[in-house]
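Novice: got a structure for you, letters missing:
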């Protein structure tokens, strides 16, 4: 249904749905140069889920299931909210960058960063505090016992704290994509995977499967800081290049 709706909209806007080869062009070469670092970064990012599950396995029977249940509702919020923001904001940044309107870019970055923190931090804290009630109402029935609810709610509370930094990361990544520098994301993801393994090992010895969820949140905190620092450098370099020209 989603594909049909997109196809209908494209045809309505006069875009052909049939593939067409216009030959090898400098624009195509540029797209491919930017594409492969994004693919590598996405592969590394998605491997973090497998790493978490693999490191949760020795913690006892049901640990992987607890990890998955604790992340299901958080992943839903991420998919509906944060990802939608990223899709909507990419062309907005791209237009300003194409016009070299760096002042507007910085203003928009500050505005959305403050908005995400102002809305996301209270939401994450409230959701973490109410995690037990949420899990109880959604899952606790049949084979899902009160003991399961207690453990899964603790895991969810750790996962849900990542939402502000996760959303900031989406914002920063879209701006980096608009700037056309994708290698920053690949190296950042490699750093995240390494940090994830180390924090998983340390925190699971202290908190068990809850420590793995906390590790994920701390990785997103570190990732958003890394992306913000690199983004500031990239914007300064872009502004300097325009002034020099």
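Specialist: The structure has been received and is ready for your questions. Note that the structure is predicted; figures quoted are calculated from it, not measured. Numbering: from 1, shown residues only.
Novice: And the helices in this protein, which stretches?
Specialist: Per DSSP state H, the chain carries helices over the ranges 2-12, 26-56, 63-77, 83-98, 102-129, 131-139, 146-160, 163-179, 183-207, 209-244.
Novice: quick one: which of those is nearest residue 20?
Specialist: Among the helices of the chain, helix 26-56 comes nearest to residue 20, with 12.2 Å by Cβ to Cβ. Quick note: C-beta positions are derived from backbone N, CA and C, even for glycine.
Novice: next one: that closest one to chain centre, how far?
Specialist: On the basis of Cα atoms, centre = their mean, to the nearest Å, helix 26-56 sits 12 Å off its chain's mean C-alpha point.
Novice: Where does pLDDT dip in this structure?
Specialist: Scanning the chain for pLDDT under 70 picks out the ranges 41, 44-45, 241-245.
Novice: hmm, 50 instead?
Specialist: Applying pLDDT under 50 to the chain flags the ranges 244.
Novice: on that earlier part again, now the helices of the chain as a markdown table including distance to residue 20 and mean neighbour count?
Specialist: Output for these, formatted as a markdown table (distance: least, Cβ to Cβ, whole Å; neighbours: other Cβ atoms under 10 Å):
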| stretch | distance to residue 20 | mean neighbour count |
| --- | --- | --- |
| helix 2-12 | 14 | 10 |
| helix 26-56 | 12 | 14 |
| helix 63-77 | 37 | 19 |
| helix 83-98 | 22 | 15 |
| helix 102-129 | 33 | 15 |
| helix 131-139 | 47 | 17 |
| helix 146-160 | 44 | 21 |
| helix 163-179 | 24 | 23 |
| helix 183-207 | 29 | 17 |
| helix 209-244 | 32 | 18 |
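Novice: I'd like the ones you listed as CSV, with distance to residue 18 appended.
Specialist: Output for the helices of the chain, formatted as CSV (distance: least, Cβ to Cβ, whole Å):
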stretch, distance to residue 18
helix 2-12, 11
helix 26-56, 18
helix 63-77, 35
helix 83-98, 24
helix 102-129, 36
helix 131-139, 45
helix 146-160, 43
helix 163-179, 27
helix 183-207, 32
helix 209-244, 37
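Novice: quick one, phi psi at residue 101?
Specialist: Dihedral pair for residue 101: phi -90, psi 70, per degrees, to the nearest 10.
Novice: so who does it touch?
Specialist: Counting by Cβ atoms under 8 Å, 6 or more residues apart in numbering, residue 101 touches no other residue.
Novice: Quick check: the gap between it and residue 180.
Specialist: 16 Å (Cβ to Cβ, to the nearest Å).
Novice: Could you do residue 134 as well?
Specialist: For residue 134, the distance to residue 180 equals 41 Å [Cβ to Cβ].
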